[in-house]
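K.L.:
Output the structure for:
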Amino acid sequence: RPHEGSTGDLTRWWQQFDDPVLAALIEAAQRESASLAQAATRIAEAQAAVVRAGATALPSLDASASRVRGPITFGGPPILRTQDQLQLQSSWEIDLFGGQLRERQASAARLDARAADWHDARVSVAAELASQYVALRACERQVVIDEADLASRRESERLTALAASAGFQSGGQAALARAASADQGSRLQAQQAECQLAIKALVALTALDEPELRRQLSARTAALPQPSQFRVETLPAQLISQRPDLAAAERELAAASADIGVAIADRYPRLSLMGSIGPLRFEANGVTLNTTSWSLGPSISLPLFDGGRRAAAVQTAHARHALALANYRSRVRTAIQEVEQAMVRLASNGQREVQALQAARSYRDAMAAAR
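P.N.:
Residues are numbered from 1 along each chain as shown. A predicted model of the protein is given here:
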């Protein structure tokens, strides 16, 4: 697990490759990543939703002030009156059927999901940058090999031409030697172009100026980053359970489950305590009255007929839960496939490395024997 939920651990994980250029480029890519910026924005939105959901369980308090001037009558001729009032109004909805609790649970689950998305974005950006960086270094190594191959073919072309001029080789052999040199020159140019394309990709990922990026890359040209230790110590199931994309899907599933409770609670009565208090000044026909007005009492609302709107909301919540469950299962299957495929590739590469080293030793022996 590269990040352990910590922003610092992910950086330290990449430092094991003992390549400071790689670590610096990953940091630059994360600073400029649009996906990371979007994930951070979604976290802020989810945090605001948690605050809103928590506020519904608390009493609300509002202040109002009014001044009214106009005629009033008590059965006789109208008189001019002035009324000034300052009032504090409060209401508190009691969570009878757990709708507010389920709403808070849904908001908290979605905040966890957005945090997991942010970690997933960081891992993805780092992996994409590292893959492109390693591909560039491998491309540069291949260019070195192709240049040596071209030099060898040109020397073979020169020697074949000398042998042909002396009558020891046919003109056809000399032509084949020239063709081999030209063919290798073409492959070298194609490989160099691939390296240039890889640098352009790194420019796009890091948003660094290309001259500055090339300056940093030049310090370790054709040097493949080597991890100090790279072993898979855990089972595939443990690797899967640690993936942030699966954590996000699981939290979305929990939020969808909580939404069902919110929709069901909306079908039942709502009970609120309401109250108000404030000074009142009444002036009419030269008489002034100062008093304090207040009120306190419960308020209950009972849904009777809404044309099936609340029932449809419950059905919608169940459908979204089923969709979230299907998405979670699909992501689990995809994660299993990706982890198992990665482990197959890792094992295969380890076996191929042994064979490649053996082939290299045999080629060295063949060259020594030829000499």
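K.L.:
Summarise which helices and strands the helix or strand residue 199 falls within is packed against.
P.N.:
Applying DSSP states H and E as the criterion places residue 199 in helix 171-206. Helix 171-206 makes packing contacts with helix 20-32, helix 99-165, helix 210-218 when contacts are defined by 3 or more C-beta pairs under 8 Å, 6 or more residues apart in numbering; DSSP states H and E. For glycine as for every other residue, the C-beta is placed from the backbone atoms N, C-alpha and C.
K.L.:
what's the angle from that helix to helix 20-32?
P.N.:
Computed with axes from the mean of the first three to the mean of the last three C-alpha atoms, to 10 degrees, the direction of helix 171-206 lies at 50 degrees from that of helix 20-32.
K.L.:
mind giving me TSV with the helices and strands packed on helix 171-206 and columns for mean neighbour count, mean pLDDT and distance to residue 368?
P.N.:
Shown next, in TSV, are those (neighbours: other C-beta atoms under 10 Å; pLDDT from 0 to 100; distance: least, C-beta to C-beta, whole Å):
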stretch	mean neighbour count	mean pLDDT	distance to residue 368
helix 20-32	18	90	37
helix 99-165	18	93	17
helix 210-218	13	93	35
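K.L.:
Residue 62 is nearest to which of the ones you listed?
P.N.:
helix 99-165 (19.3 Å; C-beta to C-beta).
K.L.:
now that closest one, how far from the centre of its chain.
P.N.:
19 Å (C-alpha atoms, centre = their mean, to the nearest Å).
K.L.:
and the helix holding residue 199 with helix 99-165, angle?
P.N.:
Going by the same axes, to 10 degrees, helix 171-206 makes 160 degrees with helix 99-165.
K.L.:
buried set for helix 171-206?
P.N.:
174, 177-178, 180-181, 184, 188, 191-192, 194-195, 198-199, 201-202, 205-206 (16 or more other C-beta atoms under 10 Å).
K.L.:
So the nearest residue to residue 108 once chain neighbours are set aside versus residue 103, what's the distance?
P.N.:
Leaving aside its chain neighbours, residue 108 sits nearest to residue 50 (5.9 Å; criterion: C-beta to C-beta, 6 or more residues apart in numbering). Note on residue 50: its distance to residue 103, by C-beta to C-beta, to the nearest Å, is 10 Å.
K.L.:
for residue 250, same thing?
P.N.:
Counting by C-beta to C-beta, the gap from residue 250 to residue 103 is 19 Å.
K.L.:
With residue 187 instead?
P.N.:
63 Å.
K.L.:
just for the stretch 251-371 of the chain, where's the confidence low?
P.N.:
Of all residues in the stretch 251-371 of the chain, none has pLDDT under 70.
K.L.:
how about the strands of it, start to end?
P.N.:
Using DSSP state E, counting those that start in this stretch, the strands of the stretch 251-371 of the chain run over 270-284, 287-301.
K.L.:
Counting by contacts, list what the last one packs against.
P.N.:
Helices and strands in packing contact with strand 287-301 are listed as strand 79-94, strand 270-284; criterion 3+ C-beta pairs under 8 Å, 6+ apart.
K.L.:
Only the buried residues of the last one, if you could.
P.N.:
Meaning strand 270-284. For strand 270-284, by 16+ other C-beta under 10 Å, it's 270, 271, 274, 275, 278, 280, 282.
K.L.:
which one of these is nearest residue 337?
P.N.:
Among those, and counting by C-beta to C-beta, the member closest to residue 337 is residue 270, at 47.7 Å.
K.L.:
nearest residue to that closest one other than its sequence neighbours?
P.N.:
Distances taken as C-beta to C-beta, 6+ apart put residue 301 closest to residue 270, at 4.8 Å, once the chain neighbours are dropped.
K.L.:
The one you found contacts residue 274, doesn't it?
P.N.:
No: the pair residue 301 / residue 274 is not scored as a contact, 11.5 Å apart, by C-beta atoms under 8 Å.
K.L.:
will you turn the strands of the stretch 251-371 of the chain into TSV that also has distance to residue 217?
P.N.:
Below are the strands of the stretch 251-371 of the chain laid out as TSV (distance: least, C-beta to C-beta, whole Å):
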stretch	distance to residue 217
strand 270-284	64
strand 287-301	68
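K.L.:
Of the ones you listed, which is nearest residue 89?
P.N.:
strand 270-284 (4.4 Å).
K.L.:
partners of the closest one in the sheet?
P.N.:
If you go by DSSP bridges, strand 270-284 pairs up with strand 79-94 (antiparallel), strand 287-301 (antiparallel).
K.L.:
As a markdown table, those with mean neighbour count and distance to residue 61 would be great.
P.N.:
Formatted as a markdown table, those follow (neighbours: other C-beta atoms under 10 Å; distance: least, C-beta to C-beta, whole Å):
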| stretch | mean neighbour count | distance to residue 61 |
| --- | --- | --- |
| strand 79-94 | 15 | 5 |
| strand 287-301 | 10 | 14 |
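K.L.:
Looking at the ones you listed, which is nearest to residue 353?
P.N.:
strand 79-94 (66.4 Å).
K.L.:
mind exporting that closest one as CSV, just the C-alpha atoms?
P.N.:
The C-alpha trace of strand 79-94 is given here as CSV (Å, rounded to 0.1, in the frame of the first residue of the first chain):
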residue,chain,number,x,y,z
ILE,A,79,-56.8,56.5,14.5
LEU,A,80,-53.2,56.6,13.4
ARG,A,81,-51.0,54.1,15.1
THR,A,82,-47.3,53.2,15.1
GLN,A,83,-46.0,49.7,16.0
ASP,A,84,-42.4,48.8,16.5
GLN,A,85,-41.4,45.2,17.2
LEU,A,86,-38.1,43.3,17.6
GLN,A,87,-38.5,39.5,17.7
LEU,A,88,-36.3,36.4,18.2
GLN,A,89,-37.8,33.3,16.5
SER,A,90,-36.6,29.8,17.2
SER,A,91,-37.6,26.4,15.9
TRP,A,92,-36.3,22.9,16.5
GLU,A,93,-37.4,19.8,14.6
ILE,A,94,-37.4,16.7,16.7
